[in-house]
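*Asks:* My questions concern the predicted model and sequence given below.
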Amino acid sequence: MALPDITDLPRAIQLALAPAFLLTGIGGLLNVMSGRLARIMDRGRTLAEGHARAIPPADAAAIALERQALEPRRHLTSVAITVTTIAALLVCMVIGGLFVEVMLETPLKWLISAFFAAAMVALVVGLTFFLRELHLAMRTVRFDLYEDE
């Protein structure tokens with residue numbers, strides 16, 4: 001096997017540049033999703049602390065209902081983060097595959113295409129779970145418009 005030509009390196013970098021930008025975008029999405037998960041967890045902790053204090057029964061029921069509504073949201077967000085992370089890992093495999101293909105002059109088009117397609121499917125699934133969590137949050141949010149004065 002012949003050593004790769006040094007002029008192939010810039011070509012490999014050019015090929016890997018677009019997936020690297022995609023990876024940056026996925027990183028931004030993961031940042032938003034993890035921030036959302038942190039807010040859900042913080043809200044759950046706040047409600048748990050409020051539930052531990054002596055509160056009126058009507059408020060206790062409302063707190064218990066809100067805490068119960070947080071669990072599916074936490075689960076959906078967690079799944080969205082997991083699947084989106086898998087998408088990021090698959091994009092890394094695409095980048096690695098592109099380098100191997102160029103540097104070793106090995107035909108890996110089918111493998112790279114499969115990794116890219118799987119990354120897109122995982123990204124769509126992750127965003128779908130995240131969107132589902134957003135819809136669930138909008139359905140379960142409670143605004144006290146008429147508070148006692």
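*Replies:* Good, I have the coordinates.

*Asks:* Now for the residue most central in space within the chain, which secondary structure element holds it?
*Replies:* Nearest residue to the geometric centre of the chain (Cα atoms, centre = their mean): residue 81, 3.1 Å. Assigned by DSSP states H and E, residue 81 belongs to helix 57-104.

*Asks:* Return the list of helices and strands in contact with that helix.
*Replies:* Where contact means 3 or more Cβ pairs under 8 Å, 6 or more residues apart in numbering; DSSP states H and E, helix 57-104 is packed against helix 8-52, helix 109-140. C-beta coordinates here come from the backbone N, C-alpha and C atoms, glycine included.

*Asks:* Let me have the ones you listed in TSV, extended by mean neighbour count and distance to residue 87.
*Replies:* What follows is those, written out as TSV (neighbours: other Cβ atoms under 10 Å; distance: least, Cβ to Cβ, whole Å):
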stretch	mean neighbour count	distance to residue 87
helix 8-52	14	6
helix 109-140	16	4
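
*Asks:* Among these, show the one with the smallest mean pLDDT.
*Replies:* Mean pLDDT is lowest for helix 8-52 out of the helices and strands packed on helix 57-104, coming in at a mean of 85.

*Asks:* Tell me what angle that one forms with helix 109-140.
*Replies:* Relative orientation of helix 8-52 and helix 109-140, computed by axes from the mean of the first three to the mean of the last three Cα atoms, to 10 degrees: 20 degrees.

*Asks:* Helix 8-52 - contacts with which helices or strands?
*Replies:* Here helix 8-52 touches helix 57-104, helix 109-140, going by 3+ Cβ pairs under 8 Å, 6+ apart.

*Asks:* If we use 7 Å, what do you get?
*Replies:* With contacts defined as 3 or more Cβ pairs under 7 Å, 6 or more residues apart in numbering; DSSP states H and E, helix 8-52 has these neighbours: helix 57-104.

*Asks:* related to what we said a few turns ago, quick one: the helix holding residue 81 to chain centroid distance?
*Replies:* Centroid separation for helix 57-104 versus its chain: 4 Å, with Cα atoms, centre = their mean, to the nearest Å.

*Asks:* and the angle for that helix with helix 109-140?
*Replies:* 170 degrees.

*Asks:* just to revisit the earlier point, for residue 65, which of the helices and strands packed on helix 57-104 is the nearest?
*Replies:* For these, proximity to residue 65 was assessed by Cβ to Cβ; helix 109-140 is nearest, at 8.8 Å.
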